[in-house]
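K.L.:
Dropping a prediction and its sequence here:
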Amino acid sequence: MPVAIRHRQDPAALPRLLATAVILLLLWPGLVLTEFNPGLLTDPRNLDTFSRFLGGFWPPERSPDFLALLGRATIETLAMATAGLFLALLLAVPLSLIASRSLSVSAALAERPSRLGQLLRYPVRLLLIILRSIPEIVWALLFVRAVGLGPTAGVLAIAITYSGMLGKVYAEIYESVDRRPAQALMQAGASRLAAFFYGIVPGAAQELTSYTLYRWECAIRASVIMGFVGAGGLGQMIDLSIRMFAGGEVASILLTFLLLVLLADQLSTLLRRRLA
């Protein structure tokens with residue numbers, strides 16, 4: 001005979017309900033403070049203004065002079081993102097090695113952490129927090145005042161902010177992989193750099209590459225945003241085109257930016273497959 005199945009109440013239902021209620025209570029003051037009103041999107045006047053604005057985007061601008069300027073700005077944006085990320089790596093890699101305990105000799109020898117290592121590690125972690133806590137557009141504003149308009153300000157802004165981001169995540173990746181090979185190398189008398197390259201990097205290469213390429217994509221987007229404050233590139237072109245109500249130019253610039261992000265994503269996927 002079939003056994004009757006009792007429908008028992010999910011024991012996790014009440015905690016989930018309470019968690020949902022708490023989240024809604026926390027979100028509501030934020031919506032009130034930001035004066036969020038979805039009804040504005042359906043207001044006839046706003047819809048008419050937005051439709052006329054989008055109507056100016058077609059057809060995209062294709063004149064030879066504009067395309068030449070667009071090509072130069074695209075190369076400038078790529079150069080800004082790549083140079084900024086390269087400078088960030090020069091600072092992030094050594095800082096991440098100091099901030100991580102993966103290459104600690106005391107940890108490899110199963111000893112108590114040395115006081116010198118702790119004195120070095122905590123200030124470096126604080127420095128990484130300071131570097132990444134200030135948005136890159138703020139740094140761009142400061143450097144535009146210091147070095148003038150142009151991509152140099154964007155390169156320096158990306159380098160400073162992204163060095164803090166990369167350094168923090170790199171240190172966490174070092175500590176997430178199996179540290180026994182590196183510790184065995186140090187116990188055998190190998191230097192810390194040798195233990196890093198032969199004990200840590202092989203296990204962390206895929207994660208390091210994936211995150212670095214992701215940050216390169218973010219640097220491309222950030223370089224466009226920083227163009228609005230005078231750092232050059234595609235962002236500065238978008239700003240000028242919007243000021244002149246040239247919707248066709250804006251459409252061409254946005255399509256170019258979309259193509260850049262797609263190419264960066266494809267490159268990231270290809271490299272991850274090679275390292276898999």
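P.N.:
Nice, I can see it. This is a predicted model, so every value here is computed, not measured. Numbering: from 1, shown residues only.
K.L.:
Could you use CA atoms for every contact and neighbour count after this?
P.N.:
OK.
K.L.:
and the top helix by length along the chain, what's its mean pLDDT?
P.N.:
Within the chain, and with DSSP state H defining each element, the longest helix by residue count is helix 64-99. Taken as a whole, helix 64-99 has an average pLDDT of 90.
K.L.:
same thing with stretch 254-264?
P.N.:
Throughout stretch 254-264, pLDDT has a mean value of 87.
K.L.:
Now do the buried residues in that stretch.
P.N.:
For stretch 254-264, the neighbour count (16 or more other Cα atoms under 10 Å) marks 254, 256, 257, 260, 261, 264 as buried.
K.L.:
Roughly how far does the last one sit from residue 78?
P.N.:
With distances defined as Cα to Cα, to the nearest Å, the gap from residue 264 to residue 78 amounts to 10 Å.
K.L.:
same deal with the second one?
P.N.:
Spatial separation of residue 256 from residue 78 under the definition Cα to Cα is 12 Å.
K.L.:
What is the neighbour count of residue 195?
P.N.:
Counted with other Cα atoms under 10 Å, residues neighbouring residue 195 total 22.
K.L.:
tell me which element it falls in.
P.N.:
Per DSSP states H and E, residue 195 falls inside helix 192-195.
K.L.:
What residues sit buried inside that helix?
P.N.:
Going by neighbour count (16+ other Cα under 10 Å), the buried part of helix 192-195 is 192, 195.
K.L.:
contacts for that helix?
P.N.:
For helix 192-195, the external contacting residues (Cα atoms under 8 Å, 6 or more residues apart in numbering) are 103, 181, 182, 183, 185, 186.
K.L.:
between those, which is nearest residue 27?
P.N.:
Of all these, residue 27 sits closest to residue 103, with 42.5 Å by Cα to Cα.
K.L.:
Quick one, grab the pLDDT at the closest one.
P.N.:
Residue 103 carries a pLDDT value of 68.
K.L.:
Kindly report the same for residue 17.
P.N.:
83.
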